[in-house]
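# can't give you the sequence, but here's the structure:
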Ligand SMILES: O=C1O[C@H]([C@@H](O)CO)C(O)=C1O
């Protein structure tokens, strides 16, 4: 039984609204009044059409479809300054793309720091009807995790771009399916801004039927935090990661880095006379953000009845070993291994550093902090607008002999550039992400790296400085998982391989929103000459104004 590929049409109006997701009232960015936004539910092969109206009044907008490769539609990737001009206030932009693979994906704003303000959601793509998944379940549920700030995206962006540096700080709360709990009884709060009994911030309730198995699709779109998620008294069996089947493994808690998705199986096999806590907590950074709680409600108990127990506190924030172990445990499911090319045509080593530039704080890759151009790369490359961005090609390596990744660099100054990496079309590329100390002594952060336009094979993770001859021998070429987002653990390295076979221009960046904003990104181009005419709707800014716009 073959189902005809369909068009799925969405009409989204993006507006600011006053909402209290963690009981604290602030302006958030909504889609049709909602945050998290509506879930896109489609079948593999469907064409998604999103008519996106920017009703933010005074702000530009762009939306990225995270994990969708955009094969044949690189202009729909939604990356402002890379694949399109920003959508101006009052304008409507039409995103049109095919969801070519089944799995769990995300979407979120990709202009400035707007993801932080609440524009995010799920994309769930179902398999064809004759396809058998390597596991079974009774019900399919979704959990989207986020961290939450009370300052506006505008205020945060301005702080990050100022001298002295205005760091965004730790988030005020965490949200499970858009609900968290800020402490409204703090004496410093003005009356009326925080209301602990506002129904908008009542905990999310996951109702389960005793004995049944639930597939929980969990995704994180945190702006800063690495998270752990667990359900009191229940194991979780990990079965999918970033839209690929995983050789199942059982965990008590699952770590999620911003931009990752997982499916886990939850069996409702505990004491059905009571409810249980679900919690998410911050890991990797010293937490000063309260955990978010949700309720696992065994039907027919009252959903509002709080579990009789003290909520679990989650794993220790500084247990790097446990987090590395979970990264290493994720392998492609035996029946779903995507064959990996035996070797790479090119290896790019990317050193991640925190730096200064003329007194500003930046993040840099191989001592280059990316500045996004005013003319999107895709358009500049297609129309050969050579002045639109820096033609200097960034380095494939750093001075690894002389760089001490365990200490603050002697000279923390960096450079900035809008230069990009040009990849040979159809070549196989290895990227070694190398972490280092920040500008603070004894400090190295976790960075979730996300690649647009591709999935990559995860070759390996390690601690310390990557050693080419030793560590590359240990790459997993047997059953590596394919993903689009992967953590770079503190003081460690992460190696990935991808096939540069998707004509377009693609960001590869740290998914910590403020780090990307501060330049922690590179840009890959491949096969631009293979692209036909660009849609005129992506034009209109920078040097593209000279090209025809209807
Ligand atoms: O970019 C960052 O800046 C701060 C801190 O290093 C300086 O205040 C922090 O934790 C980051 O991730």
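Okay, I see it. All values derive from a computational prediction rather than experimental measurement.
# Which residue does this protein have closest to the ligand?
Residue nearest to the ligand within the chain (CB to the nearest ligand atom): residue 167, separated by 4.0 Å. C-beta: built from backbone N, CA, C; applies to glycine.
# quick one, what contacts that residue?
By CB atoms under 8 Å, 6 or more residues apart in numbering, the contact set of residue 167 is 159, 160, 361, 514.
# where's it, which helix or strand?
For residue 167, there is no enclosing helix or strand under DSSP states H and E.
# Among the contacts of residue 167, which are located in helices?
159, 160, 514 (DSSP state H).
# possible to save those residues as CSV with distance to residue 546 and neighbour count?
Shown next, in CSV, are the ones in helices among the contacts of residue 167 (distance: CB to CB, whole Å; neighbours: other CB atoms under 10 Å):
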residue, distance to residue 546, neighbour count
159, 35, 16
160, 32, 20
514, 34, 21
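# Return the residues in contact with the closest residue to residue 427 other than its chain neighbours.
Nearest non-adjacent residue to residue 427, counting by CB to CB, 6 or more residues apart in numbering: residue 345, 4.2 Å away. Shown in contact with residue 345 (CB under 8 Å, 6+ apart): 424, 427, 428, 429.
# Most neighbours among those, please name it.
For those, the largest neighbour count, defined by other CB atoms under 10 Å, is 22 neighbours, found at residue 429.
# before we move on, back to that, ok, which pair from the contacts of residue 345 is furthest apart?
424 and 428 (9.5 Å; CB to CB).
# Common neighbours of the two, please.
345, 346, 500.
# Surely residue 77 touches residue 504?
Yes - with contact defined as CB atoms under 8 Å, residue 77 reaches residue 504; the gap is 7.2 Å.
# who touches both of the two?
Taking CB under 8 Å, 6+ apart as the criterion, residue 77 and residue 504 both touch 70, 83, 453.
# pretty sure the second one is touching residue 503, no?
The reference is to residue 83. No - contact criterion CB under 8 Å: residue 83 and residue 503 do not qualify, at 12.0 Å.
# so the closest residue to residue 33 other than its chain neighbours, which of the three states?
Leaving out its chain neighbours, the residue that sits closest to residue 33 by CB to CB, 6+ apart is residue 17, at 6.1 Å. Three-state call for residue 17 (DSSP: H, G, I helix; E, B strand; the rest coil): strand.
# Tell me if I'm right that residue 17 and residue 32 touch.
No - assessed by CB under 8 Å, residue 17 is found out of contact with residue 32, at 10.2 Å.
# Quickly list what's touching both of those two.
Common neighbours of residue 17 and residue 32 (CB under 8 Å, 6+ apart) do not exist.
# partner residues bridging residue 179?
Note on residue 179: beta-bridge partners by DSSP bridges are residue 176.
# returning to that earlier point: residue 290 versus the residue of the chain closest to the ligand, what's the distance?
Relative to residue 290, residue 167 is positioned 20 Å away (CB to CB, to the nearest Å).
# Repeat that for residue 262.
From residue 262 across to residue 290, the span is 23 Å (CB to CB).
# Neighbour count for these two, which is higher?
It is residue 262, of residue 262 and residue 290, that has more neighbours when counted by other CB under 10 Å, with 24 against 17.
# The residue of the chain positioned farthest from its centre in helix, strand or coil?
Ranked by distance from the centre of the chain (CA atoms, centre = their mean), the top residue is residue 273, with 37.4 Å. With three-state DSSP as the basis, residue 273 sits in coil.
# By neighbours, which of the shared contacts of residue 77 and residue 504 wins?
Neighbour count (other CB under 10 Å) singles out residue 83 as the most crowded of the shared contacts of residue 77 and residue 504, with 28 neighbours.
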